[in-house]
Every structure is written in C-alpha cells, then in structure tokens.
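S.K.: sequence and computational prediction follow.
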Amino acid sequence: MPATTDNASNLTLSCHFDETDPRVGVGDRRTDIDLLRVVLCGLVILMHALLIFSDEPRYHLKSAAPSAAASLLYEFLHFTAMPCFFVLAGWSAVVSLRRRRPGQFLRDRVGRLLVPLAAGIVLLGPIIKYVELLGGRDLGLRGFRLAPKLQIDFVAFLPRYFGRLNLLTWSHLWFLAYLFLISVVLLPVLAGLARRPRSPAVPPAWVVYLPALPIACLLVGLRGYWPFLPNLLTDWVDVAFFGLCFLTGAMTAAWPGFERRLRSQAAGLALVGLGGFAGVALWAESPLMALCVAATAWGVSGAALGFASGHAPPDGPVMRYLAEATLPVYVLHHVPLLLIGAAVIRLDFPVGVHVILIWLAATTATLAIYHWLVRPFAPTRFLVGMAPLPPAAARFDDEGDPLETSDARRRPSLTKKGG
C-alpha cells in the first residue's frame, strides 16, 4: 500500500492493526492496541497529577507537603506506564515496517516524533518553565536545583527563555526524543523482524516471563533508573532499558504465538508485576530493588498486552477518535495540568480530591484543546505529529486506503475481455 495512504490511517504512535494477526481478518484494526494506548495516555496524565504530591523532588510543580499514598501510586505508574508505552511502540514499528520501506519509516518518525518535540520545546516549553521557576524550582540538563522564585511576568520571561539555552525544556516530551533515537538505532533489527515469516508456534508458558531477565541484568549491572533524569546526555542506562522494552514489543509483533501465550499467562504476569512492585516499595535503591523494577515493568506490560488482546473493544467512531487523539493529547496535556494544578493545590482539600480534580480537569481541558484547536486544522495537526487532514468527503477502509481505491482493487475491471 502506498505510504501516503498508510500515513492517513497512522493516527497514533504507529499502526493500529496487524492484518495477519490470527485473531482478526485482513484489514481489521487491532482495537486492543488502540485501547491500551488510550488507557496508558490517561494513566500518564494521572501520573503527572500524582507527581505534584509525591516525594519525588524532580518536577515542575510541587505541593507543600508530600503524600505517602500519592508517592506509592506514582512510583507504580512510573515503573509501568512508560515501559509499556515503549513495548507498544516496538510492536507498532514492526507492523509499520511490513507496510513501508525503512526510508519511509524514518521520514514518518521525523514527522511524528521530532516535529512535535521541536514544537513542544518552542510553544509549550516556555509555559512549563515559567510555572517551574515561579515555584523556585529549576530542572535542567544537569539535574534539579532550588532557585530564587521568578518575579517577572510571562511576557517578560519569554525573551529570557529563548535567550538562554539552559532554560529550554522538553519536559515530558523526552519520550519522543528517546523513541526516535531507539527507532533509528534498532531499525536494522526492526526491518529484519518485519521481513521474517511470523511464527505461529505457541511457546511454553515460562518463555513469556523471560523478557524480564535482560532488563534485570541491565538495571542490576549498570545501576539504572536512579535518579531518573531523562536528559539523554547522562541517561544512557535508561535509554538502554527503554530500548529493551521496545525490542520486546517488536519481538512480540514478529511472534504471534508468543502473543497468544501472553493472553493465557496474563494473570501470572500481573502477579509477577505486583510482586515486583512490592519489592520496590520495601527495598531502598539497591541491586535487589533494580531486580524488582524489571519484574514490575515487564510483568505489568506483558499482562496488559495479554488482557487487552482478550478484551478488544468493537471498532467504531469513538474508538477511532480516541486512538487518533492519543499522541496529541500526550504532547499537549502538561501545560493544562500544570496550570490547573497550580490553582488547585491552593484549595483546602484532601490530597486524593486534589489529584482527581487535577487529573479529570486536565484531561478534559486537553481533549477540548485537541478537539477544537488542533484536530480541525492542518498546521496544528502537523505540529503535534498527526497525519494530514483528509478531504471532508473522503472515506477510508479499514486499511486506511481511500474507499474508491480499495473497491477498485476488489472489483474486476469491466473493460477487460470477458468482463
């Protein structure tokens, strides 16, 4: 299929479906993957709302006193949501490369990852940094420090932001930079997995637990993940960690039998993930805790894939709308969350109420921005990494091709002899 029509359907981090998956027919969407991305995006917003009240100091906005419950729930999401996102991205990369050449894949990654990264630094970064400095905090490439509280208004701050390299921030958009780098480095492996025949062989149950082992060896051997400061320059262990998660997802796409076994072992993987997190909560930063992080990350990610594949929602307008919204909502959500959070933390409510208010209000505000200010317009779609806006009258089949084109392929030509 031409890359242009494929790009029209490529509305989240990558492809939505695998036309050769044994559970679906040709052209059917993988709505289980769509749903998993949507849920993960919502959980990332919740994670950032919790981060305001956690005991993790490295954040743009903090409450006066940390909450133990918020800290615990934040840590769980921190060790599970982003690794699962990278697993899904690896799965999607292999599916995408079955339908396009490596050069086309790279051009697509530039538009979908580097463009929103640059746009976010320029358009969203000043607001995020302003909120950060108003609270006397400064997160930069070299780490976190307390700073004098900013005493100027936002308009006066803008020239300072663009005039000082050390003030530029990519904030939560580090995910896009890491994902692009990992995709480029692993492209030969991804292309090889995309070309090889998919194995229907279902492995023994114990095989689906093995991906935790290389992750554990990496984190234990190189003392990864602490402190978690995604600046790329001093964070190569974590780049490798997310790369392993990405590679696991890619392998899963090349081995449908493995994915079937994930479904049957979803409960066991969930227990491994929860048991690993119990160890994270009990032990301080140590090799033993790193081992538990690996168990938590893969246990929950594998369980999520397994459970989702067994509970795929029906395809429809709502599911497609939410799937399309996943990437732009991720890109946009941090500014509404911080602005709402700065107002809500002044209210005399319990921490749980604060978190829920910030989470729901930020999600609602971000979806409203997406729906009315981003989705309808070609320039804003481009800036958040979305596919071009199709013509109003255009309709697409399940593979993303214009309906007229796909129908023409199915119908015999009336001009041929004997037609």
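M.R.: That came in fine, so what should we check first? Numbers count the residues shown, from 1 in each chain.
S.K.: contacts, neighbours, all on C-alpha from now
M.R.: OK.
S.K.: centre of the chain to the helix or strand harbouring L36, how far?
M.R.: L36 is part of helix 31-51 when elements are defined by DSSP states H and E. Put simply, helix 31-51 sits 8 Å off its chain's centre (CA atoms, centre = their mean, to the nearest Å).
S.K.: tell me the first helix or strand C-terminal of that helix.
M.R.: helix 68-97.
S.K.: next, the angle helix 68-97 makes with the helix or strand that that following helix is followed by.
M.R.: Next along the chain after helix 68-97, taking DSSP H and E as the criterion, comes helix 102-109. Going by axes from the mean of the first three to the mean of the last three CA atoms, to 10 degrees, helix 102-109 is angled at 140 degrees with respect to helix 68-97.
S.K.: in helix 102-109, what's buried?
M.R.: P102, F105, L106, D108, R109 (16 or more other CA atoms under 10 Å).
S.K.: can you put those residues in CSV and add distance to T364 and pLDDT?
M.R.: Formatted as CSV, the buried residues of helix 102-109 follow (distance: CA to CA, whole Å; pLDDT from 0 to 100):
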residue, distance to T364, pLDDT
P102, 37, 97
F105, 32, 97
L106, 33, 97
D108, 29, 96
R109, 28, 97
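S.K.: average model confidence for the helix holding L36?
M.R.: Summarised as a single mean, pLDDT over helix 31-51 is 97.
S.K.: repeat for stretch 242-250
M.R.: The average pLDDT for stretch 242-250 rounds to 97.
S.K.: for that stretch, which outside residues touch it?
M.R.: 83-84, 86-94, 182, 190, 193, 211, 214-215, 298 (CA atoms under 8 Å, 6 or more residues apart in numbering).
S.K.: which stretches of the stretch 1-150 of the chain aren't confidently modelled?
M.R.: 1-28 (pLDDT under 70).
S.K.: try it again at 50.
M.R.: For the stretch 1-150 of the chain, applying pLDDT under 50 flags the ranges 1-27.
S.K.: now the strands for the stretch 101-250 of the chain?
M.R.: Secondary structure of the stretch 101-250 of the chain (DSSP state E, counting those that start in this stretch): strands at 137-140, 143-146.
S.K.: need the ones you listed in a markdown table (columns: distance to W206).
M.R.: Below are the strands of the stretch 101-250 of the chain laid out as a markdown table (distance: least, CA to CA, whole Å):
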| stretch | distance to W206 |
| --- | --- |
| strand 137-140 | 42 |
| strand 143-146 | 40 |
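S.K.: closest to V331 out of those strands?
M.R.: Closest approach to V331 among those is made by strand 137-140 (18.8 Å; CA to CA).
S.K.: measure L88 to R381 for me?
M.R.: 22 Å (CA to CA, to the nearest Å).
S.K.: the more surrounded of these two?
M.R.: Set L88 next to R381 and count neighbours by other CA atoms under 10 Å: L88 wins out with 27 against 19.
S.K.: picking up where we left off before, out of the buried residues of helix 102-109, who's nearest A65?
M.R.: R109 (40.7 Å).
S.K.: for the closest one, what are its contacts?
M.R.: Here R109 is in contact with F180 (CA under 8 Å, 6+ apart).
S.K.: for V115, see how far away it is.
M.R.: For R109, the distance to V115 - CA to CA - is 9 Å.
S.K.: over to L247?
M.R.: According to CA to CA, L247 and V115 sit 24 Å apart.
S.K.: tell me which of these two has more neighbours.
M.R.: Per other CA under 10 Å, whichever of L247 and V115 has more neighbours is L247, with 26 against 17.
S.K.: distance check, the more buried one against H311.
M.R.: Applying CA to CA to L247 and H311 gives a distance of 24 Å.
S.K.: sorry, back to before: deepest of the strands of the stretch 101-250 of the chain, which one?
M.R.: For those, the largest average neighbour count (mean count of other CA atoms under 10 Å) is found in strand 137-140, namely a mean of 22.
S.K.: still on that earlier bit, for the helix holding L36, which outside residues touch it?
M.R.: Here helix 31-51 makes contact (CA under 8 Å, 6+ apart) with 16-17, 59, 62, 70-71, 73-74, 77-78, 81-82, 85, 88, 304-305, 308-315, 319, 322-323, 326, 329-330, 333-334, 337, 341, 355, 358-359, 362-363.
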